[in-house]
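**Q** predicted model and sequence below, questions to follow.
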Amino acid sequence: MPGGHEEVEAAADALERQLDAVEGDPTCALCQADADFFLYEPHRVAKFVCWEHVSPLSAAVDVPISESNRPVALPVSEEFR
Ligand SMILES: [Zn+2]
């Protein structure tokens, strides 16, 4: 896997912790639909989003996002199956 592998592993760890904290299925931070992805950036972004809101540009990210500064998006559904 080219580059960013550690980021993905950190995101996977964070996703596990978030799933433990959520009761039932996680929902999108913006529209309350079932979450399809988990957006993660260390110390900055950790939230569930649906496929419509997975883009960092449309997601409820509290900080400015640039090309070199994007949260990792992990698909959530694989974690459940
Ligand atoms: Zn949504």
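**A** The structure has been received and is ready for your questions.

**Q** all contacts plus neighbour counts: C-alpha atoms, from now on.
**A** Will do.

**Q** can you list the neighbours in contact with stretch 15-27?
**A** The contact list for stretch 15-27 (C-alpha atoms under 8 Å, 6 or more residues apart in numbering) reads 33-35, 38, 48-50.

**Q** so which of those residues would you say is closest to the ion?
**A** residue 50 (4.3 Å; C-alpha to the ion).

**Q** show the pLDDT at the closest one.
**A** Per-residue confidence (pLDDT) for residue 50: 93.

**Q** and for the one 3 residues further on?
**A** At residue 53 the predicted local distance difference test score is 88.

**Q** is it true that it touches residue 30?
**A** Yes. Residue 53 lies in contact with residue 30 (C-alpha atoms under 8 Å); the separation is 7.4 Å.

**Q** tell me which of these two has more neighbours.
**A** Legend: neighbour count by other C-alpha atoms under 10 Å for residue 53 and residue 30, higher for residue 53 (20 against 16).

**Q** distance of the more buried one from the ion?
**A** Taking C-alpha to the ion, to the nearest Å as the measure, residue 53 falls 5 Å from the ion.

**Q** one more: residue 74?
**A** Residue 74 is 15 Å from the ion, by C-alpha to the ion.

**Q** repeat that for residue 77.
**A** From residue 77 to the ion the distance is 15 Å (C-alpha to the ion).

**Q** show me what counts as buried in the helix ranked longest in the chain.
**A** Criterion DSSP state H: the longest helix present in the chain is helix 5-21. In terms of neighbour count (16 or more other C-alpha atoms under 10 Å), helix 5-21 has its buried residues at 8, 10-12, 14-15, 18-19.

**Q** within reach of the ion, which of the contacts of stretch 15-27 are there?
**A** residue 50 (C-alpha under 5 Å from the ion).

**Q** spell out which residues of this structure are next to the ion.
**A** So far as C-alpha under 5 Å from the ion goes, the chain lies against the ion at 28, 30-31, 50, 53.

**Q** got TSV for these, with secondary structure too?
**A** Below are the residues of the chain next to the ion laid out as TSV (DSSP: H, G, I helix; E, B strand; the rest coil):
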residue	secondary structure
28	coil
30	coil
31	coil
50	coil
53	helix
